[in-house]
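Q: Requesting a structural model of the entry that follows:
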Amino acid sequence: MRTFFLAALLASCGALAADYRLDPGAEVRDGTLNVTPTVRGPAGAALRYEIKTTRQGASGSSNSSQSGNVRLGEDGGAKLATTSVSVTPQDRYRIHVKVLEGGRVVAEEEVRYPD
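A: Below you'll find the model as predicted:
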């Protein structure tokens, strides 16, 4: 009985892991794809992020990668790096944003155009 109780307690602690929310912040305006991701979670959390942007079109392809560290503010939010890429309506692009805490992925989002 004691073993079962400890196992149930440990399982519930894992389920209470911090909740992170990631907004990839992708927007196309005037022929430019702007990527300005934001993340929300526990105030003061130290995180690492990776942003990968790929564009394919008639004029060729481009790949961009950015990564860095961020600490969430007192309000639990932070803005990650900003990336801008020129695009046309015929282009295909993919934005992949990953946020890690201590090597563990805590949030991940991907945007594809067209879907």
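
Q: going forward, measure contacts between C-alpha atoms and count neighbours the same way
A: OK.

Q: helices or strands up against the helix or strand harbouring Leu47?
A: Here Leu47, judged by DSSP states H and E, is contained in strand 46-57. Helices and strands touching strand 46-57, as assessed by 3 or more CA pairs under 8 Å, 6 or more residues apart in numbering; DSSP states H and E, comprise strand 60-71, strand 92-101.

Q: Can you give me the buried ones in the shortest one?
A: Just to be clear, that refers to strand 92-101. Arg92, Tyr93, Arg94, Ile95, His96, Val97, Lys98, Val99, Leu100 (16 or more other CA atoms under 10 Å).

Q: Quick check: can you name the pairing partners of the strand holding Leu47 and their directions?
A: According to DSSP bridges, the neighbouring strands of strand 46-57, each with its direction, are strand 60-71 (antiparallel), strand 92-101 (antiparallel).

Q: Format the ones you listed as CSV; extra columns: distance to Leu33 and mean pLDDT.
A: Output for those, formatted as CSV (distance: least, CA to CA, whole Å; pLDDT from 0 to 100):
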stretch, distance to Leu33, mean pLDDT
strand 60-71, 12, 95
strand 92-101, 9, 97
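
Q: Same list (the ones you listed) but as TSV, adding distance to Glu110.
A: Listed next are these as TSV, based on distance: least, CA to CA, whole Å:
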stretch	distance to Glu110
strand 60-71	14
strand 92-101	4
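
Q: For the buried residues of strand 92-101, give me JSON lines that also has distance to Ser59.
A: Conversion of the buried residues of strand 92-101 to JSON lines gives the following (distance: CA to CA, whole Å):
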{"residue": "Arg92", "distance to Ser59": "12"}
{"residue": "Tyr93", "distance to Ser59": "13"}
{"residue": "Arg94", "distance to Ser59": "16"}
{"residue": "Ile95", "distance to Ser59": "19"}
{"residue": "His96", "distance to Ser59": "22"}
{"residue": "Val97", "distance to Ser59": "25"}
{"residue": "Lys98", "distance to Ser59": "28"}
{"residue": "Val99", "distance to Ser59": "31"}
{"residue": "Leu100", "distance to Ser59": "34"}
